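Novice: I'll drop the sequence and a predicted model, then ask my questions.
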Amino acid sequence: MPTPEQPLRKLGFLTIGLFDPADPAAGHRSTLDIIELGEQLGFDSAWLRHRHLQFGISSPVAVMAAASQRTSRIELGTAVTPLGWENPLRLAEDLATVDLLSGGRINPGLSVGEPMHYDTVKHELYPDSSAAEDFSYGRVERFARLVAGERVRDFSGKQGVVEEFSNRVEPHSPGLRSRLWYGAGSLKSAVWAGENGFNLLSSSVIFPDKGQEPDFARVQQSQIRAYREAANAAGHTAAGNTARVSQGLVVIPTDSASPAQREKYQRYVDERTPRTQSPQGPKGMMFARDLIGTSDEIAQQLYAHEGFQEVDEVAFALPFSFEHEDYVQILTDIAQKLGPALGWEAIRLNA
């Protein structure tokens, strides 16, 4: 666990890739520029949120492919891809392709469940099978098997003069299965991820178990501990196959921010804070507070956070609606101020 004596091992960031619908290309170029900057600053990873029918990244596979050709070291991930929108076999093909192009740097984060606002889109997404689609854990289990290279069919071999067929998903990227992550928000899903050999993404949104005190940090801590216990029991931490856990809180360091930026950032946090003060909705959804202040102030809050105490890598989430120059300032402060305050050391390209 990170303590002032034991440093944070891996530092990443997460972006939604917001764009103006009147000029979406500019927003996508900005996202690629931010990923390039992240590599230059020494970040270990860059993660993309996945949004459908919104003004954020709808095709993180394509964005990761582009980013993989602009960068050489930084790991690239999704946090998370909702599998309810995907054909698992086709997604396995796409991600394996990008993983090979990147030199083995892709970290797909996944979730299951019915697509958001499914009734409004099922007639286009699954016009002939909307009532029969399986949105359970079985969908991600099937995807993981395909990524691992398990047999898809019995048919394979040469046909005719030039056609040759495989019985597994091609191309196959051998290390990709060990870099699959599951975005868990509940105790049940955290335990399932541990039992089934996925790494764990724990974000700023979670669901407490029945009877749990509505304290975000303690609930997150209990989920991470349950995940690790399940992973250990299933043997997923043996023989070097370590179960990884990453935490994704929103942090906004203000060390080098201008007065106007500080005012804008504080207004953003103030608008979002009321939802963190009590559980929301019928499932008791809990939101973490955004952490804002100097890097030293944020580091003190993180060291006191029970969820943070359970991890040795993070993917700090960038705020949704800021400008490019704001993200440059925030990322620079995270890499040059907050990361070092947590004991993290940047990896330089010429190292």
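Specialist: Received it, and whenever you're ready, just let me know what you need.
Novice: can you tell me how far the residue nearest the centre of the chain is from residue 219?
Specialist: Compute the mean C-alpha point of the chain, and by C-alpha atoms, centre = their mean the closest residue is residue 79, 2.4 Å away. The gap separating residue 79 from residue 219 is 19 Å, by C-beta to C-beta, to the nearest Å. Bear in mind the C-beta positions are built from the backbone N, C-alpha and C, glycine included.
Novice: any chance you could map the strands in the stretch 201-350 of the chain?
Specialist: In the stretch 201-350 of the chain, the strands defined using DSSP state E, counting those that start in this stretch lie at 205-206, 245-247, 251-253, 286-287, 291-293, 313-317.
Novice: out of these, which gets nearest to residue 73?
Specialist: For the strands of the stretch 201-350 of the chain, proximity to residue 73 was assessed by C-beta to C-beta; strand 313-317 is nearest, at 15.8 Å.
Novice: same question for that closest one, mean pLDDT?
Specialist: Strand 313-317 carries an average pLDDT of 98.
Novice: just checking, what packs against that strand?
Specialist: Packed against strand 313-317 by the contact rule (3 or more C-beta pairs under 8 Å, 6 or more residues apart in numbering; DSSP states H and E) you find strand 10-15, strand 245-247.
Novice: okay, those strands in TSV with mean neighbour count and distance to residue 277 next?
Specialist: Shown next, in TSV, are the helices and strands packed on strand 313-317 (neighbours: other C-beta atoms under 10 Å; distance: least, C-beta to C-beta, whole Å):
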stretch	mean neighbour count	distance to residue 277
strand 10-15	24	24
strand 245-247	25	21
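Novice: reformat those strands as TSV; add distance to residue 142 and mean pLDDT.
Specialist: Output for the helices and strands packed on strand 313-317, formatted as TSV (distance: least, C-beta to C-beta, whole Å; pLDDT from 0 to 100):
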stretch	distance to residue 142	mean pLDDT
strand 10-15	26	98
strand 245-247	24	98
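Novice: show me the shaky parts of the stretch 201-350 of the chain.
Specialist: Along the stretch 201-350 of the chain, the model assigns pLDDT under 70 to residues 238-241, 348-350.
Novice: all helices of it, in order?
Specialist: Assigned by DSSP state H, counting those that start in this stretch, the helices in the stretch 201-350 of the chain fall at 216-233, 259-272, 295-303, 324-333, 339-341.
Novice: got TSV for these, with distance to residue 196 and mean neighbour count too?
Specialist: Shown next, in TSV, are the helices of the stretch 201-350 of the chain (distance: least, C-beta to C-beta, whole Å; neighbours: other C-beta atoms under 10 Å):
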stretch	distance to residue 196	mean neighbour count
helix 216-233	9	20
helix 259-272	33	14
helix 295-303	29	18
helix 324-333	33	19
helix 339-341	32	21
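Novice: adding distance to residue 253, write those out as CSV.
Specialist: Shown next, in CSV, are those (distance: least, C-beta to C-beta, whole Å):
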stretch, distance to residue 253
helix 216-233, 20
helix 259-272, 9
helix 295-303, 5
helix 324-333, 4
helix 339-341, 9
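Novice: residue 117 is nearest to which of those?
Specialist: Of all the helices of the stretch 201-350 of the chain, it is helix 259-272 that lies closest to residue 117, at 21.7 Å by C-beta to C-beta.
Novice: contacting residues around the closest one?
Specialist: Helix 259-272 is contacted by residues 252, 254, 257, 287, 290, 292, 319, 321, 322, 326, 329 when judged by C-beta atoms under 8 Å, 6 or more residues apart in numbering.
Novice: now do stretch 328-335
Specialist: For stretch 328-335, contacts defined as C-beta under 8 Å, 6+ apart pick out 11, 13, 34, 37-38, 41-43, 251-257, 261, 295, 316, 318-319, 322, 346.
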